[in-house]
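> model the structure of this input:
(one chain, ligands or ions: 2)
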Amino acid sequence: MTEPALKILIIGPSNVGKTALLKRYCDNDFDSNDASATIGIDLYVKRLSVRGKTYRVMLLDTAGQERFRTLSTSYYRGAHGIVFVYDVTNRTTFEQMDSWFAEAEANTAVAVAAGSTAKCQFCLVGSKVDRAGTSRAVTAEEGAALAAKYNDDDNGGGVGDDSGKPLFFETSARTGENVREPFVALVDRIVASGAANAPRRAAATVSLGADNNGEGGGGYLSSCAC
Ligand SMILES: Nc1nc2c(ncn2[C@@H]2O[C@H](COP(=O)(O)OP(=O)(O)OP(=O)(O)O)[C@@H](O)[C@H]2O)c(=O)[nH]1
Ligand SMILES: [Mg+2]
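Ligands and ions are numbered 1, 2, ... in the order given. Predicted coordinates for the structure are as follows:
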C-alpha cells in the first residue's frame, strides 16, 4: 500500500544551509566545498514513521536567492508544513525571518481557503550551530522566542515532552547535530493536528517522479523550476 504523502517546504535566505540540511538528513552527506545556490526548487523524499504509521515525506528545497525563486508563491500550495531556516552566525538572516513568515502565512492562508481544513505547521531552525562557539550572532533564546511568536500553543502537541511547544531547533549539517529532530517533530505535529488526513487540493503537485529509495531511505529525486 502506498504511504500517505506529506509536503514540507524548506524556506529561508540564501546561503543559510537549507540544501546542506536536507542532504545531511536524506543522504547523511555534507560537502563543505559545495557552495552552489539552489535554482528554482529541488525535491527530496524521505520515508518517516510517526505514531505507528509510515509517511512519504516530500521535502521541497527552495532557492533563497530572489532571482532563482521562480513562481515562489505556488510552492506553498498544499503544504502540510514549513521549515524556516536562518543561520545562527548571521544576524541578518534571523532578522529576515519575519518577512519569510509573513510570505508563508499569506500563502498558506490561501491554501486553507481553497479547501484544506487543517493549519499548515511551522518549524524554525537555526543552522550552522557547529560554528556557534566562535561566531554566534543569534542566541538560542531569541530563536525560541521567534518560534513562539509564530506557533500557536494549541496546535496539536509535539514529540514526547515537547507537546504544545513551538517547534525550534538549532542544527548542524556539518556535524549532523539535531538534523533529524526538526523533521520528526514537524511530521509528528502535522499528524497530531489531523492535517495528514485533510483534503489537500494540490498534494499531487509534489509527485515529480518515482521514489527510487528503499524503506526508510531518503534521496534527491529531481529538479525543476515549477
Ligand atoms: N559550518 C557549517 N557550514 C554549513 C552548514 N550548513 C551549510 N553550510 C555551508 O553554508 C553554505 C551554504 O549552504 P547551502 O546549503 O547551499 O545554502 P542554501 O540555504 O541552500 O542556499 P540557497 O540554495 O542559495 O538558498 C555552504 O558553503 C555550506 O557548506 C553547517 O551546518 N555548518
Ligand atoms: Mg540551496
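
> what about Ala106, how many neighbours?
Ala106 is surrounded by 11 other residues when neighbours are defined as other Cβ atoms under 10 Å. Heads up, the C-betas are built off the backbone N, CA and C, glycines and all.

> that one: which element?
Under the assignment given by DSSP states H and E, the secondary-structure element containing Ala106 is helix 97-113.

> quick check: Arg131 touching Thr89?
Yes: using Cβ atoms under 8 Å, Arg131 is in contact with Thr89, at 5.0 Å.

> quick one, which of the two is more surrounded?
Taking neighbours as other Cβ under 10 Å, Arg131 and Thr89 compare with Thr89 leading, 20 against 16.

> contacting residues around that one?
Applying Cβ atoms under 8 Å, 6 or more residues apart in numbering to Thr89 gives the contacts 128, 131-132, 135-137.

> can you tell me how far Phe101 sits from ligand 2?
19 Å (Cβ to the ion, to the nearest Å).

> hang on, I meant Asp42
7 Å.

> which strand or helix spans that residue?
When elements are defined using DSSP H and E, Asp42 is found to belong to strand 41-50.

> now do the strands in the chain.
Here the chain has its strands, by DSSP state E, at 5-11, 41-50, 53-62, 81-87, 121-127, 168-170, 220-224.

> so can I have a markdown table of those showing mean neighbour count and distance to ligand 1?
Putting the strands of the chain into a markdown table (neighbours: other Cβ atoms under 10 Å; distance: least, Cβ to the nearest ligand atom, whole Å) gives the following:
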| stretch | mean neighbour count | distance to ligand 1 |
| --- | --- | --- |
| strand 5-11 | 25 | 8 |
| strand 41-50 | 21 | 9 |
| strand 53-62 | 21 | 7 |
| strand 81-87 | 27 | 6 |
| strand 121-127 | 28 | 5 |
| strand 168-170 | 23 | 10 |
| strand 220-224 | 15 | 12 |
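
> which of the ones you listed has the lowest average pLDDT?
Taking each of these in turn, the lowest mean pLDDT turns up on strand 220-224, with a mean of 37.

> mind checking which helix or strand of the chain has the lowest mean pLDDT?
Within the chain, judged by mean pLDDT, DSSP states H and E, the helix or strand with the poorest mean is strand 220-224; its value is a mean of 37.
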